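K.L.:
here is a sequence together with a model predicted from it:
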Amino acid sequence: MKKDIRTEEEWRQLLSEDEYRIAREAGTERAFSGRYWDHHKTGSYHCICCGLELFHSSAKFESGSGWPSFFQPVARENIAQLEDRSHFMIRTEALCARCDAHLGHVFSDGPEPTGLRYCINSASLKFAPEK
């Protein structure tokens, strides 16, 4: 996959202040505040920065966390993972594999069939309804 590399200024021009803070600076939106935490339409969720398709609504589930949660990405290679030791915790950070945008974190308390919960910031996503 070819990387989407842009300057900080290019990302700032493309994204809102909140989107930039979350996707480019590894921020987090408040629980129950994002546009997709209680979103139930059919379609796919793409990276807000580069447009890479990340998740399909068929993998979205109600986790009770206040963030959009998915049990699997559309393609494993579309999500990169890094160890995150911030905030006195050890977690697995989920990033867009094409542009390195911070998406959220992956936890091992999700439903079958994967047992995973991709806990994703709404500000890191753009929804495309199914046609």
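P.N.:
Right, received. Where do you want to start?

K.L.:
hmm, who's touching stretch 83-95?
P.N.:
26, 79-82, 101-107, 118, 120 (C-beta atoms under 8 Å, 6 or more residues apart in numbering). Backbone N, C-alpha and C define where each C-beta goes, glycine included.

K.L.:
quick check: buried residues in stretch 81-101?
P.N.:
84, 91, 93-101 (16 or more other C-beta atoms under 10 Å).

K.L.:
quick one: terminal-to-terminal distance for it?
P.N.:
11 Å (C-alpha to C-alpha, to the nearest Å).

K.L.:
go on, stretch 31-49?
P.N.:
21 Å.

K.L.:
do stretch 4-12 as well
P.N.:
OK, stretch 4-12 end separation, C-alpha to C-alpha: 15 Å.

K.L.:
what mean pLDDT does it get?
P.N.:
Averaged across stretch 4-12, pLDDT comes to 96.

K.L.:
please pull out the lowest mean pLDDT helix or strand from this protein.
P.N.:
strand 79-84 (a mean of 89; mean pLDDT, DSSP states H and E).

K.L.:
report the rounded mean pLDDT for the helix or strand that it is followed by.
P.N.:
Remark: after strand 79-84, the chain's next helix or strand is strand 91-96, criterion DSSP states H and E. Here strand 91-96 scores 94 as its mean pLDDT.
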